[in-house]
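>>> Quick one, fold the following:
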Amino acid sequence: MPEPMLIACAVVRRHKRTFGVVPNLIAPRTFSEKVLHRMVFDRRPILITLTDKYAVRAYVRDRIGDHVLPQLYWTTQTPGDIPLDDLPSQFVVKATHGSGWVCLVPDKARLDRRDLLVKCANWLRWNYYHAEREWAYKHIAPRIIVEEFIHDGTGPVPVDYKFYVFGGKVHMVYAITGRFVDVRNDAFTPGWDRLDMKTRWKSIGRSMPRPPHLDEMVEYAERLGRGLDFLRVDMYDAGKVYFGEMTVYPSAGDEFFDPRWNRYFGGLWDLPRRPQR
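Numbering: from 1, shown residues only. Have a look, this model is predicted:
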């Protein structure tokens, strides 16, 4: 079976299971349908670069500069050569070719080194494309990177700000708290007015202060999304702005459970005129 058809079958089944309707992949209207359309038809090499957690650093460096990138301590395809003894007391280990493949090390003295190496080896053996059929992941060279540990004083991990950029313009920001523990989120306008939007997680349940560097983060997100039909840019505000990662297939299309918002954000996304190769 040709790859586009294979992906289409998988995403149609999942969308029907999640939303109760069959998605329109040929003339998509909702945000979720447009994510699926991109997964099935869009083959621009830039999507691979943006999804690769190592390669994207050069893209960010070219458009913004080194100052937003977490310090990179190590890159490898052989976990056993990570110089654990030489690393600082806190760091983060990630796989470049998957989503959620992250190990936070807030205290190296308490690290189970064998467990970490086993996790890394397992990540390197797996092609994340097979999880949800997100095409870009299929073509990323598997690597492990070790980066600076970022914290903003709000908890074990910083608040994660996700900027939804359509045609180079930010239209919505997710604030996510409690990652890996008790995930909660709320949606905001770029000016930090809360949106009445149901999401996959519980509401944060309290007033979220405007990030000190919000305007700077919006500017950076728009620079990174310039020239692209849609891109989600994740950043942290921890004394200064830090780049996190980019996403070209948010939630593999299982996004915006409120039909009103799914249609609204779908209307902001102008797809390329023809499938991209």
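
>>> does the residue lying closest to Y59 once chain neighbours are set aside count as helix, strand or coil?
Nearest residue to Y59 in three dimensions, chain neighbours excluded: T49, at 5.9 Å (C-beta to C-beta, 6 or more residues apart in numbering). C-betas here are computed from N, CA, C, even on glycine. Assigned with DSSP: H, G, I helix; E, B strand; the rest coil, T49 falls in the helix class.

>>> What separation do you get for T49 and R223?
For T49, the distance to R223 equals 16 Å [C-beta to C-beta, to the nearest Å].

>>> In terms of neighbours, single out the busier of the two.
Each of T49 and R223 has its neighbours counted (other C-beta atoms under 10 Å); T49 has more, 18 against 14.

>>> would you list every one of the strands in the stretch 101-250 of the chain?
Ranges of strands within the stretch 101-250 of the chain are 102-105, 144-147, 160-166, 169-177, 184-188, 194-195, 230-237, 241-247, based on DSSP state E, counting those that start in this stretch.

>>> contacts for the third one?
Defining contact as C-beta atoms under 8 Å, 6 or more residues apart in numbering, one finds that strand 160-166 is touched by 170-177, 179, 211, 217-218, 221-222, 224-225, 228-237, 244, 247, 250, 265, 268-270.

>>> ok, now the fourth one?
Contacts made with strand 169-177 from outside it, assessed by C-beta under 8 Å, 6+ apart, are listed as 154-155, 159-165, 183-190, 192, 195, 199, 201, 204, 208, 214, 218, 221-222, 225, 265, 268.

>>> repeat that with 7 Å
Outside of strand 169-177, the residues within contact range by C-beta atoms under 7 Å, 6 or more residues apart in numbering are 159-164, 183-190, 195, 204, 208, 218, 221-222, 268.

>>> Name only those of these that count as buried.
Neighbour-count burial (16 or more other C-beta atoms under 10 Å) applied to these gives 159-164, 184-188, 190, 204, 218, 221-222, 268.

>>> So which residue is dead centre in this protein?
T247 (3.8 Å; C-alpha atoms, centre = their mean).

>>> still on that earlier bit, weed out the non-buried ones from the contacts of strand 160-166.
For the contacts of strand 160-166, a burial check counting by 16+ other C-beta under 10 Å picks out 170-177, 179, 211, 217-218, 221-222, 224-225, 228-237, 244, 247, 250, 265, 268-269.

>>> and M39, how far is that from G167?
20 Å.

>>> Please identify which of the two sits among more neighbours.
Using other C-beta under 10 Å as the criterion, M39 and G167 rank with M39 on top: 24 against 16.

>>> list the contacts for the more buried one?
The contact partners of M39, taken as C-beta under 7 Å, 6+ apart, are I7, V11, R133, E134, W135, Y249, G253.

>>> following the longest helix anywhere in the chain, which helix or strand shows up next?
Longest helix in the chain, counting residues (DSSP state H): helix 3-19. Sequence-wise, the next helix or strand downstream of helix 3-19 (DSSP states H and E) is helix 31-41.

>>> tell me the secondary structure for the closest residue in space to L104 that isn't next to it in sequence?
Residue nearest to L104 in three dimensions, not counting chain neighbours: V92, with 5.7 Å by C-beta to C-beta, 6+ apart. Applying three-state DSSP to V92 yields a three-state assignment of strand.

>>> V92 pairs with what?
For V92, the beta-bridge partners are L104, E147 (DSSP bridges).

>>> can you tell me which two in the contacts of M39 are farthest apart?
Greatest spacing in the contacts of M39, by C-beta to C-beta: W135 and G253 (12.3 Å).

>>> more neighbours, these two?
Set W135 next to G253 and count neighbours by other C-beta under 10 Å: G253 wins out with 26 against 21.

>>> what's near enough to touch the more buried one?
Contacts for G253 (C-beta under 7 Å, 6+ apart) come out as V11, H15, S32, V35, L36, M39.

>>> rerun at 10 Å
Listed by C-beta atoms under 10 Å, 6 or more residues apart in numbering, the contact partners of G253 are 11, 14-15, 18-19, 23, 28, 30-39, 132, 134.
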